[in-house]
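sequence plus the predicted model coming up.
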2 protein chains.
Amino acid sequence: MMTTSVDDRVDSLLSKLGSRITGPRRRVARLLASKQGSFSAEALNEELPDVGRATVYRTLKLLSDAGVLCKTTLPDGSPRYSIDHSWHHHHLICSSCRTVEEFRHSALERLLCEMSAEIPGQVLGHRVELYVTCMRCL
Amino acid sequence: MMTTSVDDRVDSLLSKLGSRITGPRRRVARLLASKQGSFSAEALNEELPDVGRATVYRTLKLLSDAGVLCKTTLPDGSPRYSIDHSWHHHHLICSSCRTVEEFRHSALERLLCEMSAEIPGQVLGHRVELYVTCMRCL
DNA sequence: GAATTTATGAGATTCCATATCAAGTATGCG
DNA sequence: CGCATACTTGATATGGAATCTCATAAATTC
């Protein structure tokens, strides 16, 4: 079967998390694995009519907490998920189609790190978003 | 009366916007004028029991659109408002008490501006958030 | 394979925000 | 001023997203 390797990875991940390996979770994970960009929880839910909404949301949270997914919030507050590529990154958000893409920029990181010293209080992390009109929308 | 100057400013602002000067709007604006940091719409609504929820939200939107208020979204998606000081700024968000404060950093702006050239698509704007534990929470 | 623990999902519920619409009121004009 | 008109208000209904409930189902353990 073509999805064996995905299932295997999901299984070992779930085991590591101390969570049970279940059909619904596999179905969610399989769909996630096929995703390229960002997506909303509700969109995912609609693509999985045979999995309950609660389970979809629970699995999303499970995987976000596990660091497999990256949860972002659009300027209007609506959440988006994407596969977390684990290296630190920021987001390009298209104001037109609301697609989220990643970017990295070492000079930016360096500066933000330097800035931490000047900020009152203890800096825990940061987030940078660039609002763009993406190539496709142009 | 002590609030006369605030009322005057509110009146001229509303006139400029082509909106009517009404009691409820003044009450919202007066409360806003007394605010220091950031606040949620619902908190504001609770502080104004004699103004309808709809009106509070409508006025908040009116003033945000007018640029008097600045609407931000916390990482978890909940919206916060604060007086817009009109110069470009970013936010320090305390992960503990969820208070939002402003900061400015010219070197950061310069770098972000330079970065725009390297980004695919057309850059419209940006947002930077630093997550901190604020002095008060430390 | 029986016991135990965890997961599921339909439906109810919560929360925040907006829409509805009749009643109220600011503003313009005569 | 006082009326007509258009805008505003707010109690309530509605909307949409996400979570909670809890009886049932499934996965692990032994």
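Nice, I can see it.

which residue packs closest to the closest residue to DNA strand C within chain A, ignoring adjacent ones?
Nearest residue of chain A to DNA strand C (CB to the nearest atom of the strand) works out as A:G52 at 2.4 Å. (Each C-beta comes from the backbone N, C-alpha and C, glycine too.) Here the nearest residue to A:G52 in space, its sequence neighbours aside, is A:P24; by CB to CB, 6 or more residues apart in numbering or on different chains that works out to 7.4 Å.

hang on, the one you found in a strand?
No - when DSSP: H, G, I helix; E, B strand; the rest coil is applied, A:P24 is found to be helix, with no strand at that position.

so it is in contact with A:Y57, correct?
No - in this structure, A:P24 sits apart from A:Y57 without contact. The criterion is CB atoms under 8 Å, and the distance is 11.7 Å.

now the strand ranked longest in chain A against strand B:122-133, angle please.
Residue-count comparison of every strand in chain A, with assignments taken from DSSP state E, identifies strand A:122-133 as the longest. Here strand A:122-133 runs at 160 degrees with respect to strand B:122-133, directions being taken by axes from the mean of the first three to the mean of the last three CA atoms, to 10 degrees.

I'd like to know which elements strand A:122-133 is packed against.
Packing contacts for strand A:122-133, counted by 3 or more CB pairs under 8 Å, 6 or more residues apart in numbering or on different chains; DSSP states H and E, involve strand A:90-94, helix A:106-116, helix B:106-116, strand B:122-133.

ok, back up a step: got phi/psi on the residue of chain A closest to DNA strand C?
Phi and psi for A:G52, reported as degrees, to the nearest 10, are phi -60, psi 150.

ok, it to A:G23 distance?
12 Å (CB to CB, to the nearest Å).

what does A:A107 give?
If you go by CB to CB, the gap between A:A107 and A:G23 works out to 47 Å.

and the least confident helix or strand in chain A by mean pLDDT, C-alpha only, in CSV?
Lowest by mean pLDDT, DSSP states H and E among the helices and strands of chain A is helix A:4-17, with a mean of 84. Taking only C-alpha atoms (Å, rounded to 0.1, in the frame of the first residue of the first chain), the coordinates of helix A:4-17 have been written out as CSV:
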residue,chain,number,x,y,z
THR,A,4,2.3,2.4,4.6
SER,A,5,5.3,4.6,5.3
VAL,A,6,3.1,7.5,6.4
ASP,A,7,1.1,5.2,8.7
ASP,A,8,4.3,3.8,10.1
ARG,A,9,5.6,7.3,10.9
VAL,A,10,2.3,8.2,12.5
ASP,A,11,2.2,5.0,14.5
SER,A,12,5.7,5.5,16.0
LEU,A,13,4.9,9.2,16.7
LEU,A,14,1.7,8.3,18.5
SER,A,15,3.5,5.6,20.5
LYS,A,16,6.2,8.1,21.5
LEU,A,17,3.5,10.5,22.7
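
quick one on the thing from earlier: and the helices and strands packed on strand A:122-133, which is most packed in?
strand A:90-94 (a mean of 22; mean count of other CB atoms under 10 Å in any protein chain shown).

report all helices and strands that that strand contacts.
strand A:100-103, strand A:122-133.

redo that, cut-off 10 Å
Applying 3 or more CB pairs under 10 Å, 6 or more residues apart in numbering or on different chains; DSSP states H and E, one finds that strand A:90-94 makes contact with strand A:69-73, strand A:79-83, strand A:100-103, helix A:106-116, strand A:122-133, strand B:122-133.

could you list the low-pLDDT ranges of chain A?
A:1-4 (pLDDT under 70).

how about the residues of it by DNA strand C?
By CB under 7 Å from any atom of the strand, the residues of chain A that approach DNA strand C are A:19-20, A:22, A:24-25, A:50-55, A:58-59.

now do the contacts for A:K35.
A:A43, A:L44, A:E47, A:L69, A:Y81, A:S82, A:I83 (CB atoms under 10 Å, 6 or more residues apart in numbering or on different chains).

tell me the secondary structure for it?
Classification of A:K35 into helix, strand or coil gives coil, according to three-state DSSP.

just A:N45 next, same as before
At A:N45, secondary structure determined by three-state DSSP is helix.
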